[in-house]
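Asks: Below: sequence and its predicted model.
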Amino acid sequence: MSRRWVVSLLLCVPLFARHPVRERKAMVVAQEQQATDIGVAVMKAGGNAVDAAVAVAFALAVTHPTAGNLGGGGFLLLRTDRGESTFFDFRERAPGKATRDMYIGPDGKVTRDSLVGWRASGVPGTVHGLWTAHQKHGSKPWASLVAPSIKLAKGFPMSYSLSESLESAAPRLLSKFPETNRIYLRDGKFYEKDDVFVQADLARTLTRIAKHGPKDFYEGETARLFAAEMEKNGGLITLEDLKNYQTAVRKPLTGSYKGHEIITAPPPSSGGIGILQIMGMLEGTGYHNTGAGSAAAIHVVAEAMRRFNADRSEHMADPDFFKVPVSGLLSKAYIEQLRNSIDREKASKSDAVRPGKPALAESAETTHFSIIDPKGNAVALTYTLNGSYGSGVTVPGLGFLLNNEMDDFSAKPGEANMFGVVQGEANIIQPRKRPLSSMTPTIILKDGKLKMVVGAPGGSRIITGVAQVILNVLDFGMGVQSAIDAPRFHHQWQPDKLMVEREMSPDTIAALRAKGHEVDFISNVALVEAIVVEDGWLAGGTDRRAHGKAAGF
Ligand code: DON
């Protein structure tokens, strides 16, 4: 009997019916099927996890334009088979001309310019980040990894989910920009399932990137066209901004949970601090003894989420611009103080939970995929345009959408952004700064060996969603697919609401209300893609809330 079954029997946890995809050597889980297949093919041909990640990321830029991108940014967390971990931060940066108040209108109110149109974008990092990771760790020629996406850009049959997604984003966003309308909506005639979707400009851009790497995107023909269109349309990104873009190669955050080593995202993500704080508050409480999905367990986890998010609002930002007190926020004593402030019976009021006072350190629509290669190298990559289809702008002649990542800054401290997240002074707009992120690519080890590779899109719900899937595996003994399928919840401090997915049982909700939570429904809490290593198998789980695929060999 496998360990999972034993744990499940002991804890009386129902094992949900769906099984993960199981393979022995290599696995890709991504949010779009053709992209998964391309990653698997790269590894079958001898490529490693970084090669596969580059190929999958370029493929998603073609087949999953809601979030896959050339015009956005993200994070790639790598752990090699030799046990070294690196965090490639290719998050967008504010343009040099950006100013603190650039999104505050004459009436003192925040405008929508951080969300829609030419002024919403930070300087894209994706091409630079993929190149940097490939230079250090890739084994197959760069051009061979871009080639499959060039082929896709020349035409692939539209899936039902993409045609539906494009049509629903049309009135709100996509039809507002002529070039976007022309490419993605066929001038309002809409693609239907199985129509061949051709992106000729994108194929040409990708061909230049295949040939010249980031030189084309940041200094060459693509850069010149990009900067010229920006200027023509009132955007801020200049040729100089593009030339100056740099991927930051950072040390991941590490921590432990019940004998597992957690390797996760450092600032400018708030995600790693979130995972480590939330799990730190839970450790030793025995919160899971009442069972998966029980109101008592949900209550304690939600209270931990509330406390982390209060800290997020004040203490986290781009570490190149703001001293994030990471060690203070993660110190045992500070986390114990947070843990002790949780009442097991009664919900706190967010207004009474203020950001804490950690000791200052002495020194200083998104998508995710997870990959493990036959040698045991692991990649967790989350990248994004921020909102679904980003700013809605496609650069004429280049064929790719631009991000609206500037909305992740605090346009006006104390006011909520697109995700309803309230942020403070630390995360104000400054030239060349990276906005605070919630993206949380994470790798977990047990006894020094790979146990789990996980991450998700979902804005502020990424951290809480990823945390729950990890807890479902480590605390409730669920298999990866069951851990992902189980209904999730979310608390982000402000607004003071416990958001739950609709599948949560009514009596659980009633019990949570009785504890004082204001409960509201939400369509999903992140879209998690994860691989768990168990009993000699790689088990790939993909989120039922999305349209992805797990595959390997
Ligand atoms: O970096 C962040 O936290 C956000 N820009 C992520 C946006 C996102 O996940 C949207 N997808 N659903």
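Replies: Happy to help now that I have it.

Asks: Next up, phi/psi of Asn427, please.
Replies: Backbone dihedrals for Asn427, given as degrees, to the nearest 10, come out at phi -100, psi 30.

Asks: Then Asp520?
Replies: Torsion angles at Asp520 (phi, psi; degrees, to the nearest 10) stand at phi -130, psi 160.

Asks: Count the residues that sit near Gln260.
Replies: That one is not Gln; residue 260 is His. By the other CB atoms under 10 Å criterion, the neighbourhood of His260 contains 17 residues. In short, each C-beta sits where N, CA and C put it, glycine included.

Asks: unless I'm mixing things up, it is touching Ile444, no?
Replies: Yes - using CB atoms under 8 Å, His260 is in contact with Ile444, at 5.4 Å.

Asks: shared neighbours of these two, which are they?
Replies: Common contacts of His260 and Ile444 (CB atoms under 8 Å, 6 or more residues apart in numbering): 451, 474.

Asks: Next one: Gly188, what pLDDT does it get?
Replies: pLDDT, Gly188: 85.

Asks: close enough to count as contact, it and Asn181?
Replies: Yes - contact criterion CB under 8 Å: Gly188 and Asn181 qualify, at 6.7 Å.

Asks: which one of the two has more residues nearby?
Replies: Shown here are Gly188 and Asn181; by other CB under 10 Å, Asn181 has more neighbours (17 against 10).

Asks: thought the more buried one was touching Ala169?
Replies: No - look at Asn181 against Ala169 with CB under 8 Å: they stay out of range, at 11.3 Å.

Asks: so which strand or helix has Ser144?
Replies: Ser144 belongs to helix 142-153 when assigned by DSSP states H and E.

Asks: what's the following helix or strand after that helix?
Replies: Helix 142-153 is succeeded, C-terminally, by strand 156-157 (DSSP H and E).

Asks: Which residues does that next one contact?
Replies: Contact with strand 156-157 is made by 34, 62-63, 193-197, as judged by CB under 8 Å, 6+ apart.

Asks: and with 6 Å instead?
Replies: 194, 196-197 (CB atoms under 6 Å, 6 or more residues apart in numbering).

Asks: and which of those is nearest to Glu283?
Replies: Phe197 (47.8 Å; CB to CB).

Asks: could you measure the closest residue to the closest one other than its chain neighbours against Ala297, distance?
Replies: Spatial nearest neighbour of Phe197, chain neighbours left out: Met158 (4.7 Å); criterion: CB to CB, 6 or more residues apart in numbering. Noted for Met158: a distance of 42 Å to Ala297, by CB to CB, to the nearest Å.

Asks: what residues does the stretch 351-500 of the chain put near the ligand?
Replies: 365-366, 384, 386, 405, 408, 437-439, 457-459, 462 (CB under 6 Å from any ligand atom).

Asks: hmm, try it at 8 Å
Replies: With CB under 8 Å from any ligand atom as the criterion, the stretch 351-500 of the chain comes near the ligand at residues 365-367, 382, 384, 386-388, 405, 407-408, 419, 435-439, 456-462.

Asks: Neighbours of Gly284, how many?
Replies: Residues within reach of Gly284, counting by other CB under 10 Å, total 10.

Asks: same check, this time on Leu206
Replies: Neighbour number of Leu206 under other CB under 10 Å is 28.

Asks: Look up which helix or strand it falls in, please.
Replies: helix 200-212.

Asks: and the following helix or strand past that helix, what other elements does it pack with?
Replies: Per DSSP H and E, the first helix or strand lying C-terminal to helix 200-212 is helix 214-218. When contacts are defined as 3 or more CB pairs under 6 Å, 6 or more residues apart in numbering; DSSP states H and E, helix 214-218 sits against helix 126-137, helix 200-212.

Asks: how about the residues of this protein near the ligand?
Replies: The chain comes close to the ligand at residues 67, 74, 91, 269-271, 365-367, 382, 384, 386-388, 405, 407-408, 419, 435-439, 456-462, 526-527, as judged by CB under 8 Å from any ligand atom.
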